[in-house]
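Asker: need a 3D model of the following:
(one chain, ligands or ions: 1)
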Amino acid sequence: MGEYLGRRIVLGIVMLICAVLGPTNRAAAAGGNAQVELAEEPPLAALTFDDGPRAETTGELLEGLALREIPATFFLVGERIEGNEALLKQMKDAGHQIGIHTYHHVKLTEVNQEQYQEEIGKTRALLSQALGEGDYWLRPPYGIYDDNVKHWADSPLVLWSVDPEDWKDQNKERVVSHVVSHVRDGDIILLHDIYHSSVQAALEIVDELTDRGFCFVTVEQLLKARGQEPVPGESVSRVPSSSH
Ligand code: NI
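Answerer: Here you go, the predicted model:
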């Protein structure tokens, strides 16, 4: 009962956020249909950005997301944090989820436990210094992990279900078209905020999917909205509403 109630409350908050903030929910705003629209759970999607922060491009992205009041999830590379603390604060203040993408962007299957702890620990320390203690979830670089990583991890391993490979050609039109033609409810979309083309693509994706009624949430909000507990070491790549 408590769990059910909790889930309804979280869902209510998510829908309220969408209804209030999304230019999307025009139907709801139109008046008569408001009750009908709100009674149905909107499709959710989580935008995630890897390999930053990079002042030139991440700053531009944060501005675009702020204008649209859209939350996203950022997996940061530790060695890029120093000097970008103000950007991190801006991220946190805007309600974005922030996670760890290791310190040197290493393949976690190629490190021993000591190196693993250093890669995660150093990054976590920088995040804590800039933003305070927090749950900083892990996205393994390249999505590569093994049983050791599962065992060592103290957060879920956040993967993805839509990957336009934006780094390959840095072609905005292709990236937008890939994402909007593949996205389904509960998807986690992978982009890299170190490319100008990806930042532009991300904002177009937001506008297009918002028009289609999608609601954007952080990965943490996505799990909560679907009544799933984050389990350390367990991978998460998509959380559709039918999975509970
Ligand atoms: Ni990466």
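Asker: only C-alpha atoms for contact and neighbour calcs from this point on.
Answerer: OK.
Asker: okay, the one residue sitting closest to the centre of the chain: pLDDT?
Answerer: Residue closest to the average C-alpha location in the chain (Cα atoms, centre = their mean): residue 73, at 2.8 Å. Looking at residue 73, its pLDDT is 98.
Asker: for it, what are its contacts?
Answerer: 46, 47, 48, 49, 96, 97, 98, 99, 218, 219 (Cα atoms under 8 Å, 6 or more residues apart in numbering).
Asker: among the residues you listed, who's most crowded?
Answerer: In terms of neighbours by other Cα atoms under 10 Å, the contacts of residue 73 top out with residue 219 at 30 neighbours.
Asker: and the nearest residue in space to it that is not next to it in sequence, helix, strand or coil?
Answerer: Spatial nearest neighbour of residue 219, excluding adjacent residues (Cα to Cα, 6 or more residues apart in numbering): residue 46 at 5.8 Å. Three-state call for residue 46 (DSSP: H, G, I helix; E, B strand; the rest coil): strand.
Asker: ok, residue 89 next?
Answerer: Residue 89 is classified as helix under three-state DSSP.
Asker: so which residues of this structure form helices?
Answerer: Counting by DSSP state H, the segments of the chain that form helices are 2-21, 26-29, 34-39, 55-68, 85-93, 113-131, 147-152, 166-169, 172-182, 196-211, 219-225.
Asker: residues of this protein that sit close to the ion?
Answerer: 51, 141 (Cα under 5 Å from the ion).
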